[in-house]
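1. sequence-free structure coming up:
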């Protein structure tokens with residue numbers, strides 16, 4: 001990201017990274033499966049033949065308790081015949097109409113699909129059994145303005161197992177943080193187009209990651225679902241704490257430009273880079289997948305990589321998806337370039353942790369949806385955004401590939417020695433640049449031996465003379481790259497790393513190569 005910002009530094013106001021949309025889910029895990037719910041019914045003395053009537057009774061209690069606060073406050077309760085309408089727009093219209101700046105706005109209800117249970121006859125065993133089942137039931141949407149989080153909603157399922165969802169927005173939350181800190185900003189929708197102090201705003205957004213989520217979400221649950229404490233609270237006969245997980249997270253990195261005209265001049269090139277230059281290998285790498293050198297995907301990968309381009313109300317959007325996770329880019333509110341990673345399937349990533357049974361047995365395990373792993377989810381999302389922006393750093397406003405390569409195609413002097421011009425599209429130099437630009441050397445750098453193996457294959461221990469000749473050839477090639485500023489030596493080691501100029505060159509050549517490959521494929 002820093003390379004992208006440095007390249008367009010004169011046009012950029014600042015950068016802001018953090019959560020956009022967060023969708024939490026509160027699950028009563030002890031009754032979220034057939035065996036657990038059967039145990040609950042047995043504990044409360046309810047026979048399976050009475051399950052339907054008992055569930056209806058519980059549903060009425062949940063609805064009555066959930067709507068009581070709205071009726072007492074005189075807030076509207078509205079039933080929606082069409083559950084697909086944008087409920088948020090309705091709630092915001094009501095808030096503007098009634099001048100609501102804190103507390104409950106309204107309660108919207110709609111019949112929607114849900115996960116629940118039903119009774120079946122097991123004719124072989126000659127008894128009734130409880131089975132998981134998809135059905136439809138009434139859901140209550142509590143829209144409110146939270147004193148800390150701002151505008152959000154809590155969705156209550158009024159049928160067993162009474163799942164609850166809470167949806168909030170990190171940008172909405174940040175605006176309240178900046179109001180409290182006295183920081184000025186310009187906001188449009190869920191996007192900031194200007195910030196008085198971008199560094200302090202980023203520090204406030206980073207504070208969101210230190211939140212103790214459970215008591216915060218439990219407080220929202222108590223407001224939207226008061227019957228939970230009576231039926232499953234600590235003082236109830238069958239206490240169950242909700243397990244809070246994140247069903248979907250959107251982590252956005254916003255690059256704020258000084259004017260819409262500056263972004264408009266650059267964005268078409270970024271879109272072309274995303275559509276033409278980025279292949280499945282790049283997209284998999286963005287989302288944390290390991291891809292062997294020379295292959296478009298890992299042999300064990302059996303998913304699907306999709307790239308598409310759509311015109312959205314917010315702007316032109318480029319989206320790259322791997323299974324149910326994605327990274328996308330779009331111009332938002334005219335002057336903001338947003339790169340956003342959305343995670344639905346956390347098990348695609350790893351986290352170093354223990355287990356619930358043995359917290360001390362720490363190793364890399366699949367990332368969980370629980371709020372305990374939310375900090376790690378933020379890390380992998382930020383890494384995805386940075387990798388994507390790094391790939392966009394090769395795009396220069398108004399600069400062609402030939403213009404970018406011209407300085408490298410001339411001889412240069414270093415330490416009184418003249419190095420020949422680079423020939424980026426010559427087979428030998430192209431192989432050399434591909435070797436030094438390999439992803440396996442990005443962190444620890446490369447040695448003469450590493451490049452020797454890339455160009456000539458493994459050394460033959462029975463022919464040391466050939467090994468010395470190859471080493472000498474690679475030494476001269478590396479000296480040439482150092483003279484052009486493509487690589488730099490790691491101090492006090494025999495290793496080298498790509499310089500910023502080298503990263504730009506490798507990215508440009510990779511983009512040109514991918515674009516040529518796509519054109520050849522289309523022509524075929």
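-> Arrived safely. Predicted, not measured: the structure shown is a model, and the values here were computed from it.

2. in what helix or strand does the most centrally placed residue in the chain lie?
-> Most central residue of the chain, judged by C-alpha distance to the mean C-alpha position with CA atoms, centre = their mean, is residue 341 at 2.8 Å. Secondary structure assigned from DSSP states H and E places residue 341 in strand 336-343.

3. Run me through the strand neighbours of that strand, direction for each.
-> Counting by DSSP bridges, the strands paired with strand 336-343 are strand 243-257 (antiparallel), strand 325-332 (antiparallel).

4. Tell me the helix or strand right after the first one.
-> Going down the chain from strand 243-257, the next helix or strand is helix 260-272, by DSSP H and E.

5. all strands of the stretch 301-450 of the chain, in order?
-> Counting by DSSP state E, counting those that start in this stretch, one finds strands in the stretch 301-450 of the chain at the ranges 305-312, 315-322, 325-332, 336-343, 350-353, 363-366, 412-414, 417-419.

6. before we move on, the earlier item: now do the strand holding residue 341: everything it contacts.
-> 20, 191-193, 248-257, 263, 267, 270, 287, 325-332, 349, 377, 380-382, 384-385, 388-389 (CB atoms under 8 Å, 6 or more residues apart in numbering). From N, CA and C alone the C-beta is placed, and that goes for glycine too.

7. Quick one: mean pLDDT for that strand?
-> In this model, strand 336-343 carries a mean pLDDT of 96.

8. Report the mean confidence score over stretch 504-524.
-> Mean per-residue pLDDT for stretch 504-524: 59.

9. correction: stretch 280-296
-> The model assigns stretch 280-296 a mean pLDDT of 76.

10. how far does it sit from the chain's center?
-> From the chain centre to the centre of stretch 280-296 is a distance of 17 Å (CA atoms, centre = their mean, to the nearest Å).

11. Check which residues of that stretch are buried.
-> Across stretch 280-296, burial judged by 16 or more other CB atoms under 10 Å covers 280-289, 291.

12. what ranges of the stretch 151-300 of the chain fall below the confidence cut-off?
-> Low-confidence segments of the stretch 151-300 of the chain, defined by pLDDT under 70: 292-296, 298.

13. All the strands of it, residue numbers only.
-> 164-169, 185-188, 191-195, 243-257.

14. can you pull the contacts of residue 301?
-> Applying CB under 8 Å, 6+ apart, the residues near residue 301 are 284, 289.

15. my bad, residue 384
-> Counting by CB under 8 Å, 6+ apart, residue 384 touches 251, 286-288, 327, 341.

16. now with 10 Å?
-> When contacts are counted by CB atoms under 10 Å, 6 or more residues apart in numbering, residue 384 is found next to 251, 253, 283, 285-288, 320, 325-327, 339-343, 349.

17. Tell me how many other residues crowd residue 205.
-> When neighbours are counted by other CB atoms under 10 Å, residue 205 registers 19.

18. do residue 134 as well
-> For residue 134, using other CB under 10 Å, the count is 9.

19. Kindly report the same for residue 245.
-> Applying other CB under 10 Å, we find 19 other residues in the vicinity of residue 245.

20. so it sits right up against residue 344, yeah?
-> No - applying CB atoms under 10 Å, one finds residue 245 not in contact with residue 344, separated by 11.7 Å.

21. Now do the shared contacts for these two.
-> The contact lists of residue 245 and residue 344 share 23, 369, where a contact means CB under 10 Å, 6+ apart.

22. which residues does the residue nearest to the centre of the chain bridge with?
-> Applying DSSP bridges, one finds that residue 341 bridges with residue 251, residue 327.

23. And for the one 10 residues further on?
-> On the basis of DSSP bridges, residue 351 takes part in beta bridges with residue 365.

24. can you tell me how far it sits from residue 325?
-> As judged by CB to CB, to the nearest Å, residue 351 and residue 325 stand 15 Å apart.

25. same question, residue 390
-> 19 Å.

26. Could you do residue 297 as well?
-> To residue 325, residue 297 is 15 Å away according to CB to CB.

27. of those two, who's got more company?
-> Relative neighbour count places residue 325 above the other of residue 297 and residue 325, with 23 against 19, counting by other CB under 10 Å.

28. residue contacts, the more buried one?
-> Residues in contact with residue 325 (CB under 10 Å, 6+ apart) are 286-289, 303, 341-346, 348-349, 380-381, 384.

29. again, but for residue 309
-> Listed by CB under 10 Å, 6+ apart, the contact partners of residue 309 are 271, 274-275, 316-319.

30. Recalculate using a threshold of 6 Å.
-> Listed by CB atoms under 6 Å, 6 or more residues apart in numbering, the contact set of residue 309 reads 275, 318.

31. Residue 40: what's it in contact with?
-> By CB under 6 Å, 6+ apart, residue 40 lies in contact with 31, 238.

32. Could you do residue 324 as well?
-> Residues in contact with residue 324 (CB under 6 Å, 6+ apart) are 344-345.

33. The same query, at a cut-off of 10 Å, please.
-> Residues in contact with residue 324, defined by CB under 10 Å, 6+ apart, are 248, 303, 342-346, 348.

34. Would you mind measuring from it to residue 347?
-> Look at residue 324 and residue 347: by CB to CB, they are 10 Å apart.

35. Please apply the same query to residue 66.
-> The value you get for residue 66 to residue 347, if CB to CB is used, is 33 Å.

36. State the pair within the buried residues of stretch 280-296 that is farthest apart.
-> By the measure CB to CB, 280 and 288 form the most distant pair in the buried residues of stretch 280-296, at 14.2 Å.

37. related to what we said a few turns ago, more neighbours: residue 66 and residue 347, which one.
-> More crowded of residue 66 and residue 347, by other CB under 10 Å: residue 66, with 23 against 11.

38. Surely the more buried one is in a helix?
-> Yes - looking at residue 66 with DSSP: H, G, I helix; E, B strand; the rest coil, it is inside a helix.

39. So what pairs up with the nearest residue to residue 122 once chain neighbours are set aside in the strands?
-> The spatially closest residue to residue 122, leaving aside those adjacent along the chain, is residue 129, at 4.8 Å (CB to CB, 6 or more residues apart in numbering). When assigned by DSSP bridges, residue 129 has beta-bridge partners residue 120.

40. Could I get the contacting residues of residue 129?
-> So, once contact is read as CB under 10 Å, 6+ apart, residue 129 ends up touching 34, 38, 48, 118-122.

41. what's the closest of the residues you listed to residue 78?
-> residue 118 (29.4 Å).

42. Quick check: the closest one vs residue 361, distance?
-> Per CB to CB, residue 118 is found 39 Å from residue 361.

43. Between these two, tell me which one has more neighbours.
-> For residue 118 versus residue 361, the count of surrounding residues by other CB under 10 Å is larger for residue 118: 14 against 10.

44. how much space between that one and residue 134?
-> Distance, residue 118 to residue 134, using CB to CB: 10 Å.

45. now do residue 438
-> 48 Å.

46. One more: residue 297?
-> Per CB to CB, residue 297 is found 33 Å from residue 134.

47. do residue 394 as well
-> 47 Å.

48. For stretch 112-123, buried residues please.
-> For stretch 112-123, by 16+ other CB under 10 Å, it's 114-117.

49. Break down the stretch 1-150 of the chain into its strands, ranges please.
-> Using DSSP E, counting those that start in this stretch, strands in the stretch 1-150 of the chain cover 12-27, 77-79, 103-122, 127-146, 150-157.

50. how about the ones you listed, which one is nearest residue 236?
-> Among the strands of the stretch 1-150 of the chain, the nearest to residue 236 by CB to CB is strand 12-27 (16.1 Å).

51. when you compare where that closest one runs with where strand 150-157 runs, what's the angle?
-> Angle, strand 12-27 to strand 150-157, by axes from the mean of the first three to the mean of the last three CA atoms, to 10 degrees: 20 degrees.

52. tell me the mean pLDDT over strand 12-27?
-> Rounded mean pLDDT across strand 12-27 is 97.
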